[in-house]
Structure formats: C-alpha cells, structure tokens
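Novice: prediction below, plus the sequence it came from.
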Amino acid sequence: MSKKKLWSFALMLLLALVTVLAACSSEEAAEGEAEGEAGEEEVQDTLIFGRGGDSVTLDPIGATDGESFKVTKNIFETLVNFGEQDTEVVPENMGLAESWEISEDGLTYTFDLREGVLFHDGTEFNAEAVVANFERWAAGGPDEFPYYGSMFGGFGDEEGHIIESVTAVDDYTVEFQLKRPSAPFLKNLAMSPFGIASPAAFEEFGEEFGSNPVGTGPFQFVEWQRNDTVTIERFEDYWQEGLPNLESIIFRAIPDNSARLNALLSGEIDLADGINPADAQTIADNPDLQLWERPSMNVGYLGFTTTREPFDDPLVRRALAYAIDKQAIVDAFFQGYAETAKNPLPPVIAGYNDEIEDYSYNPEKARELLAQAGYPDGFEMELWAMPVPRPYMPDGQKVAEAIQANLADVGVEAEIVSYEWATYLEKAQNGEADAFLLGWTGDNGDADNFLYVLLDKDNIGSNNYTRYSNDELHDILIEAQTETDEAKRAELYKRAQEIIHEDVPLVPLAHSTPLIAGDADITGYTPHPTGSDKLENVAFE
Amino acid sequence: MAEAIDNKKAQSEKVPGPWVEAWRGFRKSKIALVGMGIVLFFIAMAIVGPFLVPEGINDQKLGERLLPPSAEYWFGTDDFGRDILSRIVYGARISLTVGFLAVIASAVIGSILGILAGYYGRWVDTIISRIFDIMLAFPSILLAIAVVAVLGPSLRNALIAIAIINVPNFGRLIRSKVLSIKEDEYITAARAIGMKNARILFSHILPNSMAPVIVQGTLAVATAIIEAAALGFLGLGAQAPAPEWGKMLADARTYLTTAPWTMIFPGLAIMLTVLGFNLMGDGLRDALDPRMKS
C-alpha cells in the first residue's frame, strides 16, 4: 500500500515539474509557429484587430463608446476630418467636404461636397444625403442619438439646439445656419458619431440600421457576431483610388489584456490594443512584433459623488486629493506610459492651465484637513474600481488598491467595489458610488469636450458622473462655447480649471499613453489620439 | 477486588480502544505522517506566523515592486512592493480558517440531515435525499459561484458557499452508514429494552458513524481550500487587500512571464496544504476503515 502511495506521490511531483517546464517553453514554441506561418503565406490581406470589448452599435450616431467608433470610423466618413495624428480640421484631411466657408458672424457654414462619392449600397452621396442625415438626427432624442444632443445643444426646436437649419443649396453644396456662434462646431462635425449614412439604408432598416450600417467609407460591413467579431471588407468603389490596401478587417473582442497579448503572440490576431504597460518591454524586445504609442489625449481620474456625505464637503475632497500618491501610482501601474495629472484637461489641448499647483502627496496635510472637516478619525467609504482595462487606465483594480492603502494611511477605510462594466457606469451615473475611478478620452480635441462634458451641471445624469454643479463654472463654460476668439476661449478655460481645482469634484490621476502592439510587418498604421483609427492605409509588407 | 482490577487492566491491554488502534494504524504509514507534518506546519504558521514575519501584510512600497527573491525579501515582492513571504504566512490563516470552518459547518449540518434521513426513512429520507441529489447535480464550483453571486462577493460569503456545497457529501455518507448501523443487533437490542429514538441516535448511531466523517472531513478541508482559492481567483472570495492565496494568484497572472515568483509561491502554498490534507486523509481512511485491517 505505502509503495503505491510513494509512486503516486512521485508522479504528482513529476506532473508539477512538467507543468512548470511546459510554461517556460511555450513562448518559444509559439514564436516558432508564427515564423513558419509568415514564411508560407504570400502577402496577407486580412487584418485581425484584437480589442478589449465588443461594439455597442454600428450606427455611429447611436454610440458614445470607443469600441463602436473603432469600427464605424472605417465604414462611415464625416464632412470634415481630423489630421492623421492630431485634431486639427483642415480641407487637406480629405473629408467628404472638399472645402468650406464660414461667414463673418460665424453663423453660416457653407460646405462644397466631394463629387463622385458612392455609398456602399450604390446610392450617390450628395447635399440631399447630408440634409437627410441631419434631419434624422435633429428629429431624435437623447436616448437615440446621445452625442448629437450634447455636441449641438439639443434637438429639433429645443432652446439650446444651435443648428437653425441645414439646406441643400445645390447638388454638392450644403449650408448650415447656426443660432449662435459655436467655436468647436467644425471639430464637432469631424467626430465619429457624425458619420454620414446612406439615407436609403437608414430608411429601409429603421431601428435595425445599427446592425446594417451603410456609409461611404473605405470598408463595407459584412457581419457582426455579437461579443465576438465584426467583419468589414474592402469597398471596391471607394472614391480614393487604390485604397484601402486590405481586403478585409476582423475586429475581435478579447476582454482580458493578457489573453489578448497571448493571442497576438500565437498569431491568432495581428494587432492588439490595450497592452499592459508591464508588457511593453517584452514586445519591444520581440523582433516579430512592433509597438505603437497612441498620442495621449485622455485623463484617468478618481471622481467623488459630490452629493453624497461626506463628499459634499470640499474639505474632505481636498483632503483625499492630498492623501493620494499619484507619482507612485503612475510609476507603478503605468510604468512611464503616463504623466501625473493636475487638471482634468490633458496638456495637449488648448486652454490647459499650467499655472495650477497640484495637491502634492501629503498625508499630514490630509489628516489635518479631515480633522478640520470633522473627521479626525477618518471614515468608511466605498471605492469603486472599473472591472475592465480602459485606455486611460490599464488596470483600475490595481490603482484602486494603491489608493486604498493611501487612504488607510490617513484613517479612511475604503472597501473596493466593482460591478460588470455597463452596470458600473449606470450606477455611478445615478450617483450610487462614494468615489469611483473613471476616465475620458477626448473625441474632438477641444477643451469643451472635457470640461463641459465631464463637469457641467447640464451633463449631470449623462457624463458628469460626479454630479458636481457650479453655476459660476457653468456660465464660464457656456461663454467659452459661444466665444470664437481662441485666445479669449483659452482664458475662460483656464479660469474654469482654477474653479475645478479649488472644488476638487474629481482628483485627476494620470494622462496615459495607450499602447498598441502588432505584427512587425504591418505598415501604414497610425494611432489617432481620439482612440479610433482609420485603417485604409494599413497593409502587410 | 484486587483480582478484579487486574483483570480489567489485562483486558484493556489486550483490546485497545478504537482511537488508540486507529493511531497505531495511522502511524504505520509514513506518507500519512508526512501529510500530518505538512498540515501541522501550516497550522503552526497560521497561528504564530503573523507575529514572526518581517513585514505587515499591506505595507505598500511602490518603489520596491516586483523584486525577485533576495536576502531581504525571501519570496520577493509583489506588484505593490509588498513582501510575498509575509502575505503567504498570513494567507495560511485565511485559507485554513475558511477550510476548517466551512468543513465543520457542512459536517454538522450534513450529519444531522443524514442521520434524520437514514434513521427515519420514508418521506423524510425522500425529501432530504432528493435535495442532496439536486445539489449534487450542479458542478460544485458553479453552485458556489451562484451562492456568492446572490450573497455578494466577500470572504465570509465564500465560506458560506463552500459550506453549503459540501453538505450533501457528508449527508449522503452519514445516511448510508446509518442505514447499515440501524439494522445491527445492538440497535435492535437497544430498541427492545425501550430506549428512546433520541438516545439511540446520539449515543449509539452517531458515535459509530463518525469514522467516515472524519476521513471525509480531512479530505474536504483540502477541497474547501481549493474552492476558496478558486473563488478568490475569480474575485468572488476575499477582497483586496486580504492576502488570500487564490487572489494572490489572480493578481500575479499579469506578471507570469516577467515576475514568476509572484505566482509560484502562492501556488506552492496552495499545493502543499492541499497535498498535506489529502495525504493525511488517505492515512486516516486506511487507519479507520476496518476492511483495511489485515
């Protein structure tokens, strides 16, 4: 009997050993395979893009999330376009409008449209199509077309709606009449949600348009397997000669960062976003792979629900801002691919206030302020951490744990809480969190898209998760929207940042540089700061 | 008088008590002793360890993260710069507490239900046995996840979940044992002299059906530890910053290639405790099972 036991014991040890050895050797094996494949194939023309989540809808106007835009950016085109790696809007960027004119008073925008552009269903793109799109959006509501309302101030006849009328002057000229000047208007038009769709198609499909998108972009829609893949293929009649280079693109959702990287290493996918900063070196050292840095235009922050006790007291919020060691967090969990943040606005955006002096890491001061606020022994709170990696924060759980330890140092007991992503957003939006980690990636490169969207009282219940409401700030932000002199706007936004710094509705933590990795033979890929990339120039060598 | 005492003494020498006998049987198996050694080691570690370790379990030093094992940090540091050795030592307390408490709870509940089902039979048996069947129809970890999903993720709820999923194992074991014991002649005798049901149950049937429960209990501690680690790994058990081994493993996943020690040591700790309990359980079974006596 005992002999048999000994054998089984030895066998078990052997098994353990084999497992460890297998883990060590698997990497080499995978590399070898990938090389073999590359040698056999001629030139690859299908790109498999691994990403963290599935799209919500493929009708861009119905979406607000990056994963939806990542796909629709290649199916739809907008009237005007951002630069390859910036958010400047100039005619050279090849939007659907060849050129445009803005009247002296800033109320009339006239666009000359490109001729000979076809939608994927064969119908022609013209001024009527543009008008039909804007009429469709203006007739909707915030649930249907959320981004239209927040960028153009409302819908239809609403007071805040800044678009008075959109008219087709002739077949290829469209005129926009605004109620009041809007500085970010052109940039807004370049945003992914305002991609021009085929009127014939959205009339035919109605509510199903989100699963049957038809635009003018370089790729047309093929199929969508929910929570798995979206496939798009080359549009033969695309107006830019010779583009796109690829035959088809498959967007594949792989939620786990490590699993996605493993898929890339084993050759299952060709391009992967959401790379852990910790893995950057491994990728850089791997001759079969290359690493891209997306230009940073985001902020990751710790928000306070300013309507909940004790976070309704600015003293408490300021105390916690002093308690958090941002530099250590950035060093540890962004590993150099981020800089610490002192404003909710990233430094690349016009109007950034560099004169703000950040709340430096100072537990002593934090304890003092807590005592002043009436919490000398601290308090208990919930600290919400997002369950999924986001471009502005690759690992929310870890950041939360570090903050938890920081807070414990000043006597605040934080319990880390997390929900499934959609639930997390919904509950935080409803003000159910004490404090929550979240972030924002700019969609159009304008300060308005950060400060107004994240902290104005108009956006409580949508993107203002902190439920922070300040009338002085509101007046400044609205004034900055209508002001067209860029220098004056910048001054207004600087003032706004001072107010925000004073009140601390959120603690800005980091402006990160998201990482993307892909096969070494990919060319023509340029990550855009907004987080969604045009892929028509991508090819394999 | 004196003779009578002598007589008794002689008798007790000839026929040792069942526990002494079991210990003798157990002692014969070296492997079982090794298992017991491992278990005792971890129990000692859980009790006194936290007073001896060099660092607090939650002393974050973000400047010293992911350091490999060294003279200062014997097991290296994790991604928060915390000493892994200290956390593993403290983690023994969590894992063993969960293991023992969950098993004791399920053994007590399972035994009561099993005895009732086995002794009274008929509809009592039908109801209890069918409930056990239903519970056993689910894969145990899935059932545990469902329980935690309802109660909310925390260490206490993980413990409750593990206790619940182990109830039918004990219940069925006891029930079958009771079924065979209650046909024995000494039970019939007890009933014939008018002993009450309660007394028969607790002074005759219960003690005589304890042996398999002990064996099952030891083995179940091993599974309970694995289940707690699995729940921790899935984020449904112990919450940050508790140094639960399964959670430590989950946290280390990202660093599998760059800092393998963050994964190896918690993994080893789980493997060794489970191995210890399994070896000890096997030894106990051999020692307590009358059929194994040669």
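Specialist: Looks like it came in fine. Numbers count the residues shown, from 1 in each chain, chains lettered A, B, ... in the order given.
Novice: pLDDT (mean, whole number) over stretch B:22-36?
Specialist: Averaging pLDDT along stretch B:22-36 gives 85.
Novice: show me what contacts whatever residue of the stretch 151-294 of chain B ends up closest to chain A?
Specialist: Of all residues in the stretch 151-294 of chain B, residue B:240 sits closest to chain A, at 4.8 Å by CB to the nearest CB. (Glycine included, C-beta is placed from N, CA and C.) When the contact criterion is CB atoms under 8 Å, 6 or more residues apart in numbering or on different chains, the partners of residue B:240 are A:397, A:400-401, A:404, A:416, B:247.
Novice: pull out the buried residues from those residues.
Specialist: For these, a burial check counting by 16 or more other CB atoms under 10 Å in any protein chain shown picks out A:397, A:400-401, A:404, A:416, B:247.
Novice: what is the burial count for residue 95?
Specialist: Just so you know, I chose chain A. 24 (other CB atoms under 10 Å in any protein chain shown).
Novice: sorry, I should have been clearer: chain B.
Specialist: Count around residue B:95 with other CB under 10 Å applied: 29.
Novice: can you give me the pLDDT of it?
Specialist: 92.
Novice: in contact with residue B:214, which residues?
Specialist: Residue B:214 touches B:284, B:288, counting by CB under 8 Å, 6+ apart.
Novice: that one and residue B:37: what is the separation?
Specialist: 19 Å (CB to CB, to the nearest Å).
Novice: give me the subset of the contacts of residue B:240 lying in strands.
Specialist: Cross-referencing these against strands under DSSP state E gives residue A:416.
Novice: how about the contacts of residue B:240 in TSV, adding distance to residue B:197?
Specialist: Shown next, in TSV, are the contacts of residue B:240 (distance: CB to CB, whole Å):
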residue	distance to residue B:197
A:397	55
A:400	56
A:401	55
A:404	55
A:416	52
B:247	47
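Novice: tabulate the contacts of residue B:240 (JSON lines), appending distance to residue B:140 and pLDDT.
Specialist: Below are those laid out as JSON lines (distance: CB to CB, whole Å; pLDDT from 0 to 100):
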{"residue": "A:397", "distance to residue B:140": "27", "pLDDT": "88"}
{"residue": "A:400", "distance to residue B:140": "31", "pLDDT": "94"}
{"residue": "A:401", "distance to residue B:140": "30", "pLDDT": "92"}
{"residue": "A:404", "distance to residue B:140": "32", "pLDDT": "93"}
{"residue": "A:416", "distance to residue B:140": "27", "pLDDT": "91"}
{"residue": "B:247", "distance to residue B:140": "20", "pLDDT": "90"}
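Novice: among the contacts of residue B:240, which one sits closest to residue A:514?
Specialist: residue A:397 (17.8 Å; CB to CB).
Novice: thinking again about what came up before, just the buried ones among the contacts of residue B:240 now: which is nearest residue A:366?
Specialist: residue A:404 (14.4 Å).
Novice: for that closest one, what are its contacts?
Specialist: Neighbours of residue A:404 in contact, by CB under 8 Å, 6+ apart: A:383, A:414, A:416, B:240-241.
Novice: if you set the cut-off to 6 Å instead, what comes out?
Specialist: residue A:414 (CB atoms under 6 Å, 6 or more residues apart in numbering or on different chains).
Novice: cool, the one 3 residues further on as well?
Specialist: Contacts were defined as CB under 6 Å, 6+ apart; by that measure residue A:407 touches A:323, A:414.
Novice: and it, how far from residue A:415?
Specialist: On the measure of CB to CB, residue A:407 and residue A:415 end up 11 Å apart.
Novice: what does residue A:249 give?
Specialist: For residue A:249 relative to residue A:415 (CB to CB), the value is 43 Å.
Novice: more crowded one of these two?
Specialist: residue A:249 (25 against 14).
Novice: the more buried one falls within a strand, correct?
Specialist: Yes: the assignment for residue A:249 by DSSP: H, G, I helix; E, B strand; the rest coil puts it in a strand.
Novice: domain boundaries for chain A, per the record?
Specialist: A:77-201, A:219-295+A:515-540, A:298-512 (automatic domain parsing).
Novice: including distance to residue B:25, could those go into CSV?
Specialist: Converted to CSV, these look like this (distance: least, CB to CB, whole Å):
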stretch, distance to residue B:25
domain A:77-201, 73
domain A:219-295+A:515-540, 48
domain A:298-512, 49
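Novice: between these, which one is closest to residue B:170.
Specialist: Going by CB to CB, the one of the domains of chain A nearest residue B:170 is domain A:298-512, 33.7 Å.
Novice: list the buried ones in stretch A:194-206?
Specialist: In stretch A:194-206, counting by 16+ other CB under 10 Å, buried: A:194-202, A:205.
Novice: an error on my part: the question was meant for stretch B:119-130.
Specialist: Here stretch B:119-130 shows B:119, B:125, B:128-129 as buried, counting by 16+ other CB under 10 Å.
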